[in-house]
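Participant: Could you work out the structure for the sequence below:
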Amino acid sequence: MSIIFESIFLSKTNWKESSKKEDKNKVQKNKNNEPKENIRVGYWIGVLEREIILVLGLLGQYGAIGFVLTAKSLARFKQLEEQEFAEKYLIGTLLSAFIAFCCLYLCSRYK
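Facilitator: Residues are numbered from 1 along each chain as shown. Predicted structure coming up:
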């Protein structure tokens, strides 16, 4: 359900399209100078983040949600020094949490 909300929001903006263009322009090479498959780890981190927030919310463990967001921030601590990355990261994290809370509200409302 959270993926549906994300796709609707991102379809209204050009963030997803611009990141795809950047990914195509950044072809990474391995040691043998061959193209390396570009894995979108950030996408899966966001999906897991929303699902973990949803599950913790359904279980009533609201305090543990802070640990999920803290762990994500600690993993990207050095990259947060760049202003452009920090802004995109903050928008993504807040949007992700908002989507998870909206799904949590819908799940708890329509049990």
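Participant: all contacts plus neighbour counts: C-alpha atoms, from now on.
Facilitator: OK.
Participant: mean confidence for stretch 48-61?
Facilitator: For stretch 48-61, mean pLDDT is 94.
Participant: If you count neighbours, what's buried in it?
Facilitator: By neighbour count on 16 or more other C-alpha atoms under 10 Å, the buried set for stretch 48-61 is Glu49, Arg50, Glu51, Ile52, Ile53, Leu54, Leu56, Gly57.
Participant: and of the residues you listed, the nearest to Cys103?
Facilitator: Nearest to Cys103 among the buried residues of stretch 48-61 is Leu54, at 7.1 Å by C-alpha to C-alpha.
Participant: ok, and that closest one, which helix or strand is that part of?
Facilitator: Secondary structure from DSSP states H and E places Leu54 in helix 41-58.
Participant: What residues of the helix or strand following that helix count as buried?
Facilitator: Using DSSP H and E, the helix or strand that follows helix 41-58 in sequence is helix 62-75. By 16+ other C-alpha under 10 Å, the buried positions in helix 62-75 come out as Ile65, Val68, Ser73.
Participant: Apart from its neighbours in sequence, what residue is nearest the second one?
Facilitator: Right, Val68. Glu49 (7.1 Å; C-alpha to C-alpha, 6 or more residues apart in numbering).
Participant: Could you do the first one as well?
Facilitator: The spatially closest residue to Ile65, leaving aside those adjacent along the chain, is Ile53, at 5.8 Å (C-alpha to C-alpha, 6+ apart).
Participant: measure the one you found to Ala100 for me?
Facilitator: Computed as C-alpha to C-alpha, to the nearest Å, the Ile53 to Ala100 distance reads 6 Å.
Participant: for Ser108, same thing?
Facilitator: 12 Å.
Participant: The two: which has the busier surroundings?
Facilitator: Ala100 (25 against 11; other C-alpha atoms under 10 Å).
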